[in-house]
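1. Build me a model from this:
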Amino acid sequence: SVGPTYTVSDSLSQVQRDFANQITTQVGQWWYNMWGNFFLNEQFSKQIGQMYDEVKINTQRPSDYQSDICYIIDEDLYTYLSYSSFYSNYDFLYSLLYEQRQELAKIGTTYDMYYMSDLEKGLIPDYKVYMIIGSAEMDDAERTAVNTYLKNNGKTVIWQYICGASDGKTLSAENMSDIIGMDVVLDARPRNTSATFSKNDHWLIKGAEGKFYGTNNGQKYVSPVATITDKEATVLGYMNDKPSQAAFAIKDMGEWTSIYSAVPCIPTEVLVNILEHAGVHRYCEDPGVVVFASDNYVAVNTAYGGEKTIKLNGTYAAYDGLNSDESLASIEVPVYVVENIYNNDKNKSNITEENEMFGKVKTVTLAVEGMMCNNCKAHVEKALLGVKGVKSAEASVENKNVVITAKESVSEDALVSAVTAAGYKVG
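-> Below you'll find the model as predicted:
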């Protein structure tokens, strides 16, 4: 969660999450008492002291941790999108860059991020899986780097959008095919960038059969779009605006494997299949858990309670770095749920019981018409979370509904009105 906190336990939970990210990525951290004055609370000062002690221990431990997954962004991508419509490009980049990282957050392990220029300079070490995000233009140096560092030793390379279509001089399907290893055709017409996976039993799309992905914003389009024509590739997804055209495929290149998606934001289910097939270690198989990990620490962040299993990639002595120095086989920690409300009493630092914030809750499921994509999903959820007393809202494009958890005092009419005001039909 983000934003102000209203209880000591809520604030402690957020700081622990942020500390897990900080200590596993070995970056600095500072605390700013913006809301609630909880820093004056004894529990909070004790927690910061424990974190400080753990950081001192960590500075004495050498760490050369590296994930098995490399996420490469072309920092020049923005300059190769035509300015035909701000919202078309914005939504496309939002899905390609932001929403894709949301899917990556649920894969049960970590990933490292680099720029395309890092690859050109030879600064990226070897990984099992690479994801190239929309590198539309690759000059001679970048093409040499891709061919030299990525296409060998059984590596898997995932390409999204028109990777390599331009060599800095010309834009062509041949330029792109030379990079991704598949025959493609370029369509210069503005297209909707969404697709649907096939309904078959191929290991790559297990759990995502028939699933919609990409962007779908009605009248918003992007160009150019590259679809697959390679007869040796295994096609597993098709464009929504023209189902005869292949949008997602895999091809065995001998020394490496090429996976191409014409549209952005490959879902978690497919990413997990790729990782398991490539032999990548996953610390947690629960899709509702975000993992922070290094060679000294493993932590999970979850929005829901219940038992979570962490699988280590070796034999280790384990301890809870925030609560105990004793070795352990399992850890029990509280999971706090915070109501999505605005509390004007920012000085209420003596709140220690969650019951002061909310009483009994209920679950309401509404059928929603008009949701077409992840942006629609987010709009519906945001509208409902703005209703006072709503604790959570989980919309589903596939199921065409939204599941809401709210205080018993919240009326269904208020929920329906929120969805309707957001531009969607209930019923």
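
2. So the most centrally placed residue in the chain: helix, strand or coil?
-> By CA atoms, centre = their mean, the chain has its centre lying nearest to residue 102, at 1.7 Å. For residue 102, the assignment made with DSSP: H, G, I helix; E, B strand; the rest coil gives helix.

3. Direction included, what does the helix or strand harbouring residue 185 pair up with?
-> Element membership of residue 185, judged by DSSP states H and E, is strand 184-187. Counting by DSSP bridges, the strands paired with strand 184-187 are strand 225-228 (antiparallel).

4. Beyond the strand it pairs with, next helix or strand please.
-> Counting by DSSP H and E, the next helix or strand C-terminal to strand 225-228 is strand 234-239.

5. Export only the CA atoms of that next one, formatted as CSV.
-> Written as CSV, here are the backbone C-alpha positions of strand 234-239 (Å, rounded to 0.1, in the frame of the first residue of the first chain):
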residue,chain,number,x,y,z
THR,A,234,5.2,-22.3,-32.7
VAL,A,235,2.4,-19.7,-32.6
LEU,A,236,0.5,-19.5,-29.3
GLY,A,237,-1.4,-16.2,-29.5
TYR,A,238,-3.2,-14.0,-32.1
MET,A,239,-4.0,-10.3,-32.5
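
6. Beyond that strand, next helix or strand please.
-> strand 246-252.

7. Output the contacting helices and strands for that next one.
-> Contacting strand 246-252 under the criterion 3 or more CB pairs under 8 Å, 6 or more residues apart in numbering; DSSP states H and E are the following elements: strand 194-197, strand 225-228, strand 234-239, strand 256-261. Backbone N, C-alpha and C define where each C-beta goes, glycine included.

8. re the thing from before, ok, the residue nearest to the centre of the chain to residue 60 distance?
-> Note on residue 102: its distance to residue 60, by CB to CB, to the nearest Å, is 35 Å.

9. One more: residue 173?
-> Remark: distance between residue 173 and residue 60 (CB to CB) = 54 Å.

10. Compare the two and say which one has the larger neighbour count.
-> Each of residue 173 and residue 60 has its neighbours counted (other CB atoms under 10 Å); residue 173 has more, 18 against 6.

11. Just name the shakiest helix or strand of the protein by mean pLDDT.
-> Least confident helix or strand of the chain, by mean pLDDT, DSSP states H and E, is helix 86-93 with a mean of 69.

12. what sits against residue 18?
-> For residue 18, the contact set (CB atoms under 8 Å, 6 or more residues apart in numbering) comprises residue 29.

13. Report pLDDT for it.
-> On pLDDT, residue 18 comes in at 89.

14. would it count as being in a helix?
-> Yes - according to three-state DSSP, residue 18 belongs to a helix.

15. hang on, the earlier thing: if you count neighbours, what's buried in the strand holding residue 185?
-> Neighbour-count burial for strand 184-187 flags 184, 186, 187 (criterion: 16 or more other CB atoms under 10 Å).

16. closest to residue 297 among those residues?
-> residue 184 (42.4 Å; CB to CB).

17. residue contacts, that closest one?
-> 173, 176, 177, 226, 227, 228, 229, 230, 260.

18. So what's the residue count around the third one?
-> Just to be clear, that refers to residue 177. The burial count for residue 177: 19, using other CB under 10 Å.

19. name the element it belongs to?
-> Residue 177 is part of helix 173-180, with elements assigned from DSSP H and E.

20. Using JSON lines, lay out the helices and strands packed on strand 246-252 together with mean neighbour count.
-> Listed next are those as JSON lines, based on neighbours: other CB atoms under 10 Å:
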{"stretch": "strand 194-197", "mean neighbour count": "23"}
{"stretch": "strand 225-228", "mean neighbour count": "25"}
{"stretch": "strand 234-239", "mean neighbour count": "22"}
{"stretch": "strand 256-261", "mean neighbour count": "23"}
